[in-house]
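Trainee: just the structure for this:
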Amino acid sequence: EYKLGHSAAEATRNINTAFGEGSVSDRTIRRSFEKYRSGDTNLYNLPRGHAPSVIDDNVLKDMVEADSRLSVRDIAHSINVHYSTVSRHLKAMGKVKKLDKWVPHELTERDKLRRMEISSSLLSRHNNEGILNQIVTCDEKWVLYDN
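Mentor: I've put the predicted structure just below:
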């Protein structure tokens, strides 16, 4: 569009006609045209990282180990950073929130064996009693049900 000599408004109309209304804003096209006029015809976005992290992962790990029930927002507030930064670091450390506790994401051999025992027991009970239609399951977050 720029090389065809169209204005930014014409380019916006043409692109939105071709790809659907709202595909691109007039401001985006004007910004691109300004970039092209300055000689930068690169069509690829330059890599943009986030600001360097100011969290010491050891401090974060110590906080979670001292109180695994802390929320991401509580941790962020106490060390004065944005909650998404804390969340990103916890994820990188392999921590996930389960039963409102931060726990390592990997299963230990004991956990794997226990899951196998429970699964075998449930299958055995189903074969004998037909209990599978009485089991309530969910994903990611466990909900404890006490009858």
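Trainee: check which helix or strand the residue nearest the centre of the chain maps to.
Mentor: Nearest to the geometric centre of the chain sits residue 88, at 8.2 Å (C-alpha atoms, centre = their mean). Residue 88 is part of helix 83-92 when elements are defined by DSSP states H and E.
Trainee: that helix - contacts with which helices or strands?
Mentor: In terms of contacts (3 or more C-beta pairs under 8 Å, 6 or more residues apart in numbering; DSSP states H and E), helix 83-92 is packed against helix 57-66, helix 72-79. Just so you know, the C-beta spots here come from the backbone N, C-alpha and C atoms, and that holds for glycine as well.
Trainee: just name the most buried of those.
Mentor: helix 72-79 (a mean of 16; mean count of other C-beta atoms under 10 Å).
Trainee: touching it from outside, list them.
Mentor: Contacts with helix 72-79, where a contact means C-beta atoms under 8 Å, 6 or more residues apart in numbering, come from 55, 59, 60, 63, 64, 82, 83, 85, 86, 87, 90.
Trainee: same thing with stretch 18-29?
Mentor: Counting by C-beta under 8 Å, 6+ apart, 1, 8, 9, 11, 12, 15, 16 sit against stretch 18-29.
Trainee: buried ones from those, can you make that a ChimeraX selection?
Mentor: If you want just the buried ones from the contacts of stretch 18-29 in ChimeraX, going by 16 or more other C-beta atoms under 10 Å, the selection is:
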select :1,8,11,12,16
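Trainee: can you tell me which of the contacts of stretch 18-29 lies nearest to residue 42?
Mentor: Relative to residue 42, the closest of those is residue 1; by C-beta to C-beta it sits at 16.1 Å.
Trainee: give me the pLDDT value at the closest one.
Mentor: Predicted confidence (pLDDT) at residue 1: the value is 82.
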